[in-house]
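Asks: take this sequence and fold it.
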Amino acid sequence: LPGADLWGGEPAAALATRHLRPARLTVYTRESRVGLMKHIRAAPSPDGPLTVLRAFWPRETEERIPGAFDGRTVPDVLTYADLVATHDPRNAEVAAMLREQYLSGGGHG
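Replies: Residues are numbered from 1 along each chain as shown. Model (predicted):
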């Protein structure tokens, strides 16, 4: 991904756990959707496998908790929320893995 864009949802879970092959891609960006789509050469599609979301946290948050933002993915707790929101059973299994990791203190949160 370009610049400060971060993976969320299934791609972030795949990188964190190695137990999921992403079917849908979620990207958090500060760039405009159009700008990101041009940069990655993607065509808009309402039913496509790519969801582009605005990075809603202040940049300072990334500086204050650098362990939660590894430069590639959103924090595990947001990845967990993304997975649960899909209501997909395969994502629920991986969300449970993240929850266990997070609650045990092994994650970056």
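
Asks: CA atoms for contacts and neighbours, from now on please.
Replies: Fine.

Asks: what is the strand or helix carrying Q101 packed up against?
Replies: Remark: Q101 resides in helix 89-103, with elements defined by DSSP states H and E. With contacts defined as 3 or more C-alpha pairs under 8 Å, 6 or more residues apart in numbering; DSSP states H and E, helix 89-103 has these neighbours: helix 9-17, helix 76-85.

Asks: deepest in the core, which of those is it.
Replies: helix 9-17 (a mean of 21; mean count of other C-alpha atoms under 10 Å).

Asks: other SSEs contacting that one?
Replies: Counting by 3+ C-alpha pairs under 8 Å, 6+ apart, helix 9-17 packs on strand 25-29, helix 76-85, helix 89-103.

Asks: turn these into TSV, including mean pLDDT.
Replies: Listed next are the helices and strands packed on helix 9-17 as TSV, based on pLDDT from 0 to 100:
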stretch	mean pLDDT
strand 25-29	91
helix 76-85	93
helix 89-103	88
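
Asks: and the ones you listed as TSV, adding distance to R41?
Replies: Below are those laid out as TSV (distance: least, C-alpha to C-alpha, whole Å):
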stretch	distance to R41
strand 25-29	14
helix 76-85	24
helix 89-103	27
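
Asks: for these, which one sits closest to A42?
Replies: strand 25-29 (12.0 Å; C-alpha to C-alpha).

Asks: make sure I have this right: E63 is in a helix.
Replies: Yes - counting by DSSP: H, G, I helix; E, B strand; the rest coil, E63 is located in a helix.

Asks: worst-scoring helix or strand of the protein, pLDDT-wise?
Replies: Counting by mean pLDDT, DSSP states H and E, the chain has its least confident helix or strand at helix 33-40, which shows a mean of 78.

Asks: after that one, heading C-terminal, what element do we hit next?
Replies: Next helix or strand after helix 33-40 toward the C-terminus (DSSP H and E): strand 50-54.
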